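Novice: Compute the structure for the input listed below.
(2 chains)
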Amino acid sequence: MTQTYDAIVVGGGHNGLTCAAYLARAGRKVLVLERRHVIGGAAVTEEIHPGYKFTVCSYVVSLLRPEVIRELELAKHGLQIHPLDHVFVPKEDGDHLISYPDPAKARDELKRHSPRDAEMMPRFTEMMYKMAYAVKPILGYVPPNPNSLSLRDLRTLRAFGKHLNGLGKQTFHELTKIMTMSVDDFLAEYFESDIVRSMMGLSGIIGTMLGVKSPGTAYVLLHHFMGELDGAFTAWGAQKGGTGGVSEAIASAARSHGAEIRVEAPVSQIIVRNGTAVGVALENGDEIYARTIVSGCDPKVTFRKLVEEKELPPELVTAIDKFKYRGSSGKVNLALDAAPIFPGMPDPSLIKGSIDICPSVDYIEQAYDDAKYDGFSKRPCMEVEIPTTIDPTMAPPGKHVVSIFVQYASYNMPEYGDRDQQREAFGNAVIDTLSEFSPNLKDLILHKQVLTPWDMEDKIGLTEGNIFQGELTLDQLFCFRPAIGWADYRTPIRNYFQCGSGTHPGGGITAGPGRLAAREILGEEF
Amino acid sequence: MPRVTPLHSRVGPLCQGSRWEEWSGFLTATMYELDHLHEYNAIRTGCGLFDVSPLLKYDIRGRDAVTLMNRVIVRDAKKCRIGQVLYTTWCDDDGKVIDDGTVSRLADDHFRLTAAVPALHWLQHNAIGLEATVEDVSEQIAAVSIQGPTSRDLLAKLTNADLPNLRFFHCTQADVAGADAWISRTGYTGDLGYEVFVEPQNAVKLWDAMMELGDSYQMRPAGTVALDLARVEAGLLLIDADFISAAQTMFDVQKTSPYDLGLAWMVDLEKDFFIGQRALREEKEKGSRWLTVGLELDVTVMEKFYAEWGMPLHLPDRTWAEAVPVFADAAQTKHIGRGTSGTWSPVLKKYVVIARLRPEHAKPGNKIFIEEVIEAVSYSVPATVVKMPFFDPPRKKAWGAEAK
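Specialist: Numbers count the residues shown, from 1 in each chain, chains lettered A, B, ... in the order given. Now for the predicted structure:
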């Protein structure tokens, strides 16, 4: 079977779909090839237990670029994000900290823990807000190549320099700190209360095999502040129907522009002739040809699996091999017979927000200590959401699905036995720990799905299970993502492009890489 | 001192911040939480429960009830079958809108009219010479409104009514939570939803029964701020926002006809005499001063205006209702009308505005400019004229097999 397209996108994750939608919108004939039976990559909703839909991997949305929502008209295609603005953090002594969106209520709650922190919080938020506003435009740039003297790179570098110059002294100082410090050291400059620091510190280690006291984690906190929801800065939300709903909306936009999306179509190799990509070979032996090939997969798959080593310069091969993944997060999804009860929760409606298990700074650091030598946290940190409190159709009436994001678990955990035993032991640690805060949880479980980093690689294709397609540390951001000289979505192979989260602006459901890659392919200037 | 509705023992404690406003002399919650967005989102994914007891309600009965209705409203009441509900306006002699509301035909000789502006005297005055009685039943009937995609499934648990076959803008008498009730498939959200009318002594029982099921259907009690956001998305007009009652202003310039309000579809000039008919006939011939349409604002341009001040784009998270100038040109030399209410629509991810424009500028697709004041400086934000409703999900009207 031979067929010709203008462009083939390998991988139907949210960035691959975004890139496809933009290319199709520009009139290109586009084909998306997805290995699995379902699109979305790590932004996927699946009915794992009959009648219960799980937001399998990713679970919240904030970083989705507003220009993508507008340009692809995603609301028309089903995007519907609900604000998730309460956070309930139970402590081990039965007390708690709640983050409220209402400033007065938030202040009263913080005052119980530290009157000083209660006053500091608005100042801290304002400072983070300023920094996020300052850094945000960079999310929309194609990273320049600092080694190049091309007019375009110089222009971007100048704009970048001018932008940094315009931040003002104080913001620039704070920015330097946040780019280098550990999240806990950074937070300790503002807050004295341990529970306040642990609540916010959790955002600094998401998806990263580092502890709250490891340098570099403060940036991950800032990354989580850069989102917005309906113009409200730093707001997080949950997509109706789970994050698969975001992928479905993007796919629907792509289809409306004529893109074709094929599932269960695993690509084995990019066909390269004389240094130029001309098509793809599928695992079933089919070959499909196109003028442009785009990979939405992570850098390892894009450069080391889909193409032969001989097609690439050795510096790039070395850089890609050194790119850090080190998946550090697991996911447990539960189908429950009824809503779980958290005895420490002063108002039961708080289960409609986020429930974070990070009762102290030392608890988080201890969780890291347990996991860093190829293991998992015996008492892990968790971000718990109950998507059925927003979208009741994800389970039968009165029943619930629970999404538990877990930090930390290693890719290899040999001391627990084979992969099945590792998964079992890890899942038990998660449920046992959560049951300490919600004693009726175990009695309610109808079905559980446990994903270790290895499972995320096996199931979704994320190397070493890294949810960001590569750690979000300073040495792997912007013009270093995925490798210096190759951060402009191109590759050494002509007509072969990259558009996954392993490129700028990185992980999370941003759709930024997909959009920027499409703009590069189409040759449009910013 | 405003009075409280029959549901106050329930809605009172739920209203966390005591954020009340007055509606026809009664306390009404503007929001139950300290923010309205959860309530708004419930309307679009679960459902919202509103205490709409303050709604003014009038029962019109008698052999000439249909004649009286036909005399006052601009639609043809004769065509209103038993169990049908009409959305309509009623006008003064000059064809200017006094109010809008619904008219339900509960029996051959029994209509019920809901209104925002007191209408007893006016209805009675027009009943002179007819065999029809008009009774203000506002306080004899309490009402809740349940609006959103899960509203039917929840309500079905409490009633013997055949809800899947109850069509949009129809009503039926039924047992709800053990009380005699009228269920009307109407609302002010542009979504699937129902209004349930019961005697005041049954209101608490009804509310409690709904609240008990609420968690399974992600229902939240919701206030007027969330409602106001939903109604703009639905392109539904609000009195004192999108128009002023001709009975409540003495200045002609502030009065509007149904044509001005984009409601030409409801004006039946061919039916029997109704108040304002002659003036409206004339207006139809000569053309109207205004046409009410939807606008979609270009927020990309707006974002640039804010960036000039080093500020991020500011989007209204709730409905504003004030007269905002609209121009044909960015230089603001040619004034062509006003925005009357607008909001950022979370479900559409668009900034939408209901606007009253000169008809020649009101064609769908026409590009115009609306004023946005940033730091006390006036900017012209490009906008496109669109048809309303902005948000119109198929579930709003789905029935029978489509309503599973």
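Novice: can we go C-alpha only for contacts and neighbour counts from here?
Specialist: Noted.
Novice: what about B:Gly400, how many neighbours?
Specialist: If you count neighbours by other C-alpha atoms under 10 Å in any protein chain shown, B:Gly400 ends up with 12.
Novice: Near chain A, which residues of the stretch 151-300 of chain B? Just list them.
Specialist: Along the stretch 151-300 of chain B, the residues adjacent to chain A under the rule C-alpha under 8 Å from any C-alpha of the partner chain are B:Asp215, B:Ser216, B:Tyr217, B:Gln218.
Novice: Take the residues you listed and lay them out in a markdown table including distance to B:Arg75, secondary structure and neighbour count.
Specialist: Below are those laid out as a markdown table (distance: C-alpha to C-alpha, whole Å; DSSP: H, G, I helix; E, B strand; the rest coil; neighbours: other C-alpha atoms under 10 Å in any protein chain shown):
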| residue | distance to B:Arg75 | secondary structure | neighbour count |
| --- | --- | --- | --- |
| B:Asp215 | 40 | helix | 19 |
| B:Ser216 | 40 | helix | 23 |
| B:Tyr217 | 37 | helix | 30 |
| B:Gln218 | 37 | coil | 26 |
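Novice: Who are the contact partners of the residue in chain B that chain A sits nearest to?
Specialist: When scored by C-alpha to the nearest C-alpha, chain B has B:Ser216 as its residue closest to chain A, at 4.2 Å. Each residue near B:Ser216 by C-alpha atoms under 8 Å, 6 or more residues apart in numbering or on different chains is listed here: A:Pro392, A:Pro397, A:Gly398, A:Lys399.
Novice: Give me the pLDDT for the last one.
Specialist: pLDDT, A:Lys399: 96.
Novice: Count the neighbours of the residue of the stretch 201-350 of chain A found nearest chain B for me.
Specialist: Nearest to chain B in the stretch 201-350 of chain A, going by C-alpha to the nearest C-alpha, is A:Gly231, at a distance of 5.8 Å. Number of residues near A:Gly231 (other C-alpha under 10 Å) recorded here: 18.
Novice: Where does the closest residue to it other than its chain neighbours sit: helix, strand or coil?
Specialist: Spatial nearest neighbour of A:Gly231, chain neighbours left out: B:Leu315 (5.8 Å); criterion: C-alpha to C-alpha, 6 or more residues apart in numbering or on different chains. Following DSSP: H, G, I helix; E, B strand; the rest coil, B:Leu315 is assigned to coil.
Novice: Could you do A:Pro144 as well?
Specialist: Here A:Pro144 is recorded as coil under three-state DSSP.
Novice: That one is in contact with A:Ile484, isn't it?
Specialist: No: contact criterion C-alpha atoms under 8 Å: A:Pro144 and A:Ile484 do not qualify, at 9.4 Å.
Novice: Of those two, which one has the most company?
Specialist: Using other C-alpha under 10 Å, the more surrounded residue of A:Pro144 and A:Ile484 is A:Pro144, with 24 against 20.
Novice: how far does stretch B:217-235 stretch from start to finish?
Specialist: End-to-end span of stretch B:217-235 (C-alpha to C-alpha, to the nearest Å): 26 Å.
Novice: Buried residues, it. List them.
Specialist: B:217-235 (16 or more other C-alpha atoms under 10 Å in any protein chain shown).
Novice: Next step: the residues you listed restricted to strands.
Specialist: Judged by DSSP state E, the subset of these located in strands is B:Met219, B:Arg220, B:Pro221.
Novice: Tell me the secondary structure at the closest residue to the last one other than its chain neighbours.
Specialist: Once flanking residues are discounted, B:Pro221 sits nearest to B:Leu49: 4.5 Å by C-alpha to C-alpha, 6+ apart. Of the three states, B:Leu49 takes strand according to three-state DSSP.
Novice: Pretty sure B:Leu49 sits against B:Ala222.
Specialist: Yes: between B:Leu49 and B:Ala222 a contact is recorded at 5.6 Å, counting by C-alpha under 8 Å.
Novice: in the stretch 401-526 of chain A, which spans are strands?
Specialist: A:445-451, A:496-498 (DSSP state E, counting those that start in this stretch).
Novice: Adding distance to chain B and mean pLDDT, write those strands out as a markdown table.
Specialist: Shown next, in a markdown table, are the strands of the stretch 401-526 of chain A (distance: least, C-alpha to the nearest C-alpha, whole Å; pLDDT from 0 to 100):
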| stretch | distance to chain B | mean pLDDT |
| --- | --- | --- |
| strand A:445-451 | 17 | 98 |
| strand A:496-498 | 27 | 98 |
